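Undergrad: Pasting the sequence and the predicted model now:
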Amino acid sequence: MSFIRTEDRDGVRVITLDNPPVNSLSFALSGELVPIVEAADKDDGVKAVVFIGANGIFSAGADVNDFSTEPTPETRTIRDVIAAVERSNKIYVAAIQKNALGGGLELSLACDYRVATADTKVGLPEIKLGLLPGAGGTQRLPRLIGAQDALDMMLKGKNVKAADAKEKGILDEVVESADGLLDAALKLAKNTEKRRISRRKVELGKGITAQAAPFIVSQAHKMVPAEDAGGFAAHKLIDAVEAAFELPFEFGIAREARLFEELARSAPSFALRHVFFAERELAKIPGLGDAKPLEVKKAGVIGAGTMGTGIAITFAQAGIPVAVIDSNADAVEKARQTVFGMFMYQVQKGRMTQEEAWKLGQSIHFTDDYNELADADVVIEAVFESMDVKKQVFEKLDGIVKPEGILASNTSTLDIDEMASVTKRRDKFVGLHFFVPANIMPLLEIVRGKDTSAQTLATAFKLGKTLRKTAVLSTNAFGFIGNRMVFDYAKAAGALAEEGISPMRIDRVAKTFGFPMGPFAMGDLSGIDVAWHIAKARPDVAKGRTDVIDRLVEMKRLGQKTMAGYFRYDKSVGKGREPIADPEIEALFADEAKKHGIAPREVSDDEILQRLVFALINRGAYLLEEGVALRPGDIDIVYIFGYGFPPHHGGPMWYADEVGVKHVYDKVVEFGWEPAPLLKSIAEKNGTFAALKQGELINA
Ligand code: 3HC
């Protein structure tokens, strides 16, 4: 198979990268490209070379799959291509469309000139994969735009729009569209002189002296997370940039390559690469066939509470007008203020103009008239979590919304089939579970009911993409994926506290692992009353949870909103959001423990972590077996995007593989929990979740 096409145009060799879908610069492509570059260099008829991409894109960089394969002595990488360009005496121009990312940008940086279409974004996002730019990026970009700017771009892995990239000096020219791209590149190739990025030592940035280098480096090390807390790649990246200050170019390149190889084999990078591919698997739903999604041009939301308002803002931001139905004038007034405040904040931050904010605000229409939803393509119910109330809403909607309109519930625990049963369009019924605040949280659980049609599901996934959400499929099961698992997690935390470990210490262990907050702070944030209601509705699921929840509800300590829950809150400490340890609650746990004959015991931090995370893993295994979640990776994404599981550990199921499923199983048994049969069978085979075949899991 060929990945490269060449064509000579008046002394310029045009080399087209053609490796669909994103022209990744795989080992195979590089193996083909190195001799082509060498041949162009030797050809007297060739004055210059233009690199351009097929498939509407320049290149997404190295092929991420290759990093998990063992190279042979014959393997050629993008580094070899760049070395061939570097050795060559011809002029090289990169003609960039849509994206030059990672190795794609690094190849461009090795060229003499770079021209791009106006819709292009360039960047070195390797850090998001737990890597550093390993094909010269850490040495060339700082030399081109100054170390400080380059460090910022690489440490954040941020993509820069064409116009900004030109201003920074990354691009030489920006053309309107792809139509004029090749011509502009050919012009540069023919009419310019060779001009590689200078090999002299790096400059820091405008107005910064060379003496500041050690300061910049030490500051950068301080600003990124610790090596074992998600910052492993960041520190290595800074080391590579430091080499650009200190070492001659070739030595810097060699150090970068060594650091890159180290990262490519590191556990955090394997985990982040898993996350990258798991995210892209999500929408691959068996049985969906070629179902054509419907277009959503108008939406409706029922309920102007926190959730409904957040959902409405999300639609508005995605350019879909939305009508919000609520008959409570106070709620509507509050919602209006939230919407206004939200868009004004964006204006203040310089993210949009006043006019844009005004336009977005106008696309959210508050009303108490259901009839305004007659022509809505999708209506999402976000009312009080009560089956009776929701059924009333759907019965009404079914009589008003056009027959092809999709009805969706934002319930977090209730049975969507029961809701669908009151409508005459069960095939057009789906769960769309947003997370609070809906306009910020990236996760969306799409819940498939027993009659949800392929087209409805396809529409839900397309809508998820339009709303810029990370959408994960769940079947209609209590708590779906995320909340079902969080119950077991919270239960494990409560049991630990009853054994005499303070909530503060348990939370600290979770935070040290990488969660943004611990289980008790999370309970306080989501509301103790919420957990209490769920426990009342489903005593089977709540079995074994601490009775302290009941005591807290009796005491009206409902969490952050009442400034007291498992912790105390004080307006003067962290704006009322910082948990303060409360001995009264520790005593409450001790009382409950005594009642149940639980003796206090010494528990190590390791055990605390295991009991929290292994509870997630065991429940995750049940969910896979029951077909609630499609793939281990889907669960990982739910936990990373919805609950702050540290991405450098890859999500709970990936983490199980990392520490060993057998080890997890042994501990689950030791803790006296009922192990999921799937966990047991994988442990017995000494296998991994990652190795599970999709087909073995799907109950679709
Ligand atoms: N390697 C392998 N596969 C890749 C890839 C890459 N670098 N980039 C994208 N793909 C695959 C995706 O897995 C997906 O495959 P699928 O269709 O089988 O699921 C397909 O290409 C399309 O990708 P998206 O669904 O993400 O398509 P979008 O159009 O939404 O986005 C993109 C395109 C902006 C290019 C996005 O894919 C992206 O950001 N890619 C990753 C870029 C990146 O991280 N590059 C750095 C690579 S590491 C590197 O270069 C090391 C070097 O320094 C040595």
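TA: Done, it's in.
Undergrad: Leaving out sequence neighbours, find the closest residue to His596.
TA: Computed as C-beta to C-beta, 6 or more residues apart in numbering, the closest residue to His596 that is not its neighbour in sequence is Glu498, at 7.2 Å. Every residue, glycine included, has its C-beta placed from N, CA and C.
Undergrad: which element is the one residue in the stretch 601-700 of the chain that gets nearest to the ligand on?
TA: Nearest residue of the stretch 601-700 of the chain to the ligand, counting by C-beta to the nearest ligand atom: Gly633, 11.9 Å away. Take DSSP states H and E as the rule and Gly633 turns out to sit in helix 632-643.
Undergrad: can you list contacts of that helix?
TA: Applying C-beta atoms under 8 Å, 6 or more residues apart in numbering, the set of residues contacting helix 632-643 from outside is 274-275, 277-279, 281-282, 435, 441-443, 445, 470, 472-473, 481-482, 485-486, 515, 522, 616, 620, 623-624, 629, 645-647, 650-654, 689-690, 692.
Undergrad: So which of those residues are in helices?
TA: Among the contacts of helix 632-643, the ones falling in helices (DSSP state H) are 274-275, 277-279, 281, 482, 485-486, 522, 616, 620, 623-624, 652-654.
Undergrad: Spell out which parts of the stretch 1-150 of the chain neighbour the ligand.
TA: 21-22, 24, 60-65, 78, 99, 101-103, 106, 125-126, 129, 131, 133-135, 137 (C-beta under 6 Å from any ligand atom).
Undergrad: Give me the buried entries from these.
TA: Buried positions within these, assessed by neighbour count (16 or more other C-beta atoms under 10 Å), are 22, 24, 60-64, 78, 99, 101-103, 106, 125-126, 129, 131, 133-135, 137.
Undergrad: Where do the helices of the stretch 501-650 of the chain begin and end?
TA: 503-513, 519-526, 528-537, 539-542, 548-554, 583-595, 605-625, 632-643 (DSSP state H, counting those that start in this stretch).
Undergrad: what's the most buried one of those?
TA: Of all the helices of the stretch 501-650 of the chain, helix 632-643 has the most neighbours on average by mean count of other C-beta atoms under 10 Å, namely a mean of 26.
Undergrad: just for the chain, where's the confidence low?
TA: Applying pLDDT under 70 to the chain picks out residues 201, 203-210, 693-700.
Undergrad: Around the ligand, which positions in it sit nearby?
TA: Residues of the chain lying near the ligand by C-beta under 6 Å from any ligand atom: 21-22, 24, 60-65, 78, 99, 101-103, 106, 125-126, 129, 131, 133-135, 137, 280.
Undergrad: picking that back up, and the helices of the stretch 501-650 of the chain: which comes nearest Arg5?
TA: Nearest to Arg5 among the helices of the stretch 501-650 of the chain is helix 632-643 (34.9 Å), distances taken as C-beta to C-beta.
Undergrad: Now do the closest one and helix 605-625, the angle between them.
TA: Computed by axes from the mean of the first three to the mean of the last three C-alpha atoms, to 10 degrees, the angle separating helix 632-643 from helix 605-625 equals 120 degrees.
Undergrad: could you dump helix 632-643 to CSV, C-alpha only?
TA: Below are the C-alpha coordinates for helix 632-643, written out as CSV (Å, rounded to 0.1, in the frame of the first residue of the first chain):
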residue,chain,number,x,y,z
PRO,A,632,-14.3,-1.2,29.7
GLY,A,633,-13.1,2.0,27.9
ASP,A,634,-16.7,3.4,28.0
ILE,A,635,-16.7,3.1,31.8
ASP,A,636,-13.2,4.7,32.0
ILE,A,637,-14.5,7.7,30.0
VAL,A,638,-17.5,8.1,32.2
TYR,A,639,-15.3,8.2,35.3
ILE,A,640,-12.7,10.5,33.8
PHE,A,641,-15.1,13.0,32.2
GLY,A,642,-17.9,12.8,34.8
TYR,A,643,-16.2,12.1,38.1
